[in-house]
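1. Need a 3D model of the sequence below.
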Amino acid sequence: MKYSNLNYLKNLNENQIKSVINLDGPCLIIAGAGSGKTRVLTTRVAHIIKERKAWPNQILCVTFTNKAAREMENRVSKLLYKQATAIPWLGTFHSISAKILRKHAAAVNLNSNFTIIDRDDQLRLIKNICKAENIDIKKLSPRFIIAIIDKWKNKGLFPNNVVTKKGEIWEKGILNVYKIYQEKILAINACDFGDLILHCVSIFEKKTRYFKYLFK
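-> Purely as a prediction, here's the structure:
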């Protein structure tokens with residue numbers, strides 16, 4: 001095999017090696033827990049850099065937790081024997097989205113120094129909106145409202161994209177809160193965790209001219 005002399009391939013089985021060295025097109029890996037997916041992914045990233053198919057800042061590598069992202073970057077550095085190797089676009093979905101959004105905040109009417117509000121901030125804001133709109137929070141819990149708004153955001157829906165079900169009056173009430181909520185956080189140059197991904201989706205869908213500048 002052409003790459004049999006590479007030390008970082010020695011701890012991989014045949015199928016894993018095929019996944020690592022296949023650099024001429026997309027590669028879909030389907031595997032169960034504990035089967036070495038992270039090992040394959042990090043080795044593939046190291047191999048791409050080693051073969052000079054891309055520079056570290058040209059690689060997008062996304063995972064679910066900060067711990068996993070740190071571990072992946074450490075593994076790549078060790079495989080390349082370079083502890084200082086940095087992959088700026090390796091991180092969680094939210095951290096990568098935040099970085100993209102900082103660079104292109106103007107595309108969604110934010111400033112680059114926007115604030116990311118947490119769940120407590122969300123609750124306070126939702127409670128204030130409910131009070132102003134005469135919504136009984138004993139009948140419609142602010143936490144439930146946030147859960148529904150999060151569900152809509154996870155589906156990529158801004159308030160004007162949400163279609164409520166006929167007869168579901170409570171949904172219409174929550175949609176009204178959602179509209180006001182989005183207006184208020186935008187007015188204070190802020191977003192929540194759901195917005196990080198939602199705004200990036202908006203940039204990708206509507207602002208295609210940003211693509212070629214995205215990873216500069």
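2. so Leu41 sits in a helix?
-> Yes: counting by DSSP: H, G, I helix; E, B strand; the rest coil, Leu41 is part of a helix.
3. Next up, the contacts around it.
-> With contacts defined as Cβ atoms under 8 Å, 6 or more residues apart in numbering, the neighbours of Leu41 are Ile29, Cys61, Met72. For the C-beta atoms, the positions are set from N, CA and C on the backbone; glycine is no exception.
4. Report the separation between it and Val62.
-> For Leu41, the distance to Val62 (Cβ to Cβ, to the nearest Å) stands at 10 Å.
5. Which pLDDT does the model give Gln182?
-> Note for Gln182: predicted pLDDT of 97.
6. now it, nearest residue through space, not along the chain?
-> Distances taken as Cβ to Cβ, 6 or more residues apart in numbering place Pro159 nearest to Gln182, at 5.7 Å, with adjacent residues excluded.
7. isn't that neighbour right up against Ile174?
-> No: under the criterion of Cβ atoms under 8 Å, Pro159 is not in contact with Ile174, lying 10.2 Å apart.
8. neighbour-wise, which of those two wins?
-> It is Ile174, of Pro159 and Ile174, that has more neighbours when counted by other Cβ atoms under 10 Å, with 24 against 16.
9. any idea which element the more buried one lies in?
-> helix 169-187 (DSSP states H and E).
10. what does Ser19 give?
-> helix 14-21.
11. which stretches of the chain form strands?
-> 61-63, 90-92, 115-116, 190-191 (DSSP state E).
12. Report all helices and strands that the first one contacts.
-> This points to strand 61-63. For strand 61-63, the elements it packs on are helix 66-79, strand 90-92, judged by 3 or more Cβ pairs under 8 Å, 6 or more residues apart in numbering; DSSP states H and E.
13. which of these sits most buried?
-> Of all these, strand 90-92 has the most neighbours on average by mean count of other Cβ atoms under 10 Å, namely a mean of 21.
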